[in-house]
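In: Predicted model and sequence below, questions to follow.
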Amino acid sequence: MRKEPTFNEAKLWRLLRDRQLAGLRFRRQVPVGPYIADFMSFRHRLIIEADGPTHLIDVERDQRRDAWLLAQGFRVMRFPNEMIANNGRGVLAQIREALLGEGGATPHPTPFGGHLLPQGEKGI
């Protein structure tokens, strides 16, 4: 996929690359155990996923994946393609808030649609 990203993955990468988001470094297509993360900030152990229609079909697979990543100490934020396409600045604002948060608080994972969930709970 690195050579042929989807439209929304390419758009999100253009917004994250070259330390454009508060000077933070992201990498794309990062192997993490048995999985490949769309985007990752190693420093913050944050994984960003661009979710297309296939993610709505196999929600349990994503839940198992996210549970494994959380158990490894990663946080996962998922954004539907529609949100990336129509509100890139809003996506970046949510990522910035998760990374820099008010008062340095530890952010929670953010599954579909940007709804915050308590640590360890899974989004649907």
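Out: Happy to help now that I have it. Numbering: from 1, shown residues only.
In: For the residue positioned nearest the centre of the chain, report the pLDDT, please.
Out: Centroid-nearest residue in the chain: Ile48, 1.5 Å away (criterion: Cα atoms, centre = their mean). Note on Ile48: pLDDT of 95.
In: What of Thr6?
Out: Thr6 is assigned 86 on the pLDDT scale.
In: Name the nearest residue to it, sequence neighbours excluded.
Out: Spatial nearest neighbour of Thr6, excluding adjacent residues (Cβ to Cβ, 6 or more residues apart in numbering): Gly52 at 6.4 Å. In this view, the C-beta of every residue, glycine as well, is placed from N, C-alpha and C.
In: And the next helix or strand past the helix-or-strand element of the chain with minimal mean pLDDT?
Out: When the helices and strands of the chain are scored by mean pLDDT, DSSP states H and E, helix 54-57 comes last with a mean of 61. Using DSSP states H and E, the helix or strand that directly follows helix 54-57 along the chain is helix 59-71.
In: Would you pull up how far that following helix lies from the middle of the chain?
Out: Centroid separation for helix 59-71 versus its chain: 13 Å, with Cα atoms, centre = their mean, to the nearest Å.
In: Run through the chain and note the low-pLDDT ranges.
Out: By pLDDT under 70, the weakly predicted segments of the chain are 1-3, 53-57, 102-124.
In: rewinding a little: what sits closest to the residue nearest to the centre of the chain if chain neighbours are left out?
Out: Distances taken as Cβ to Cβ, 6+ apart place Phe39 nearest to Ile48, at 4.1 Å, with adjacent residues excluded.
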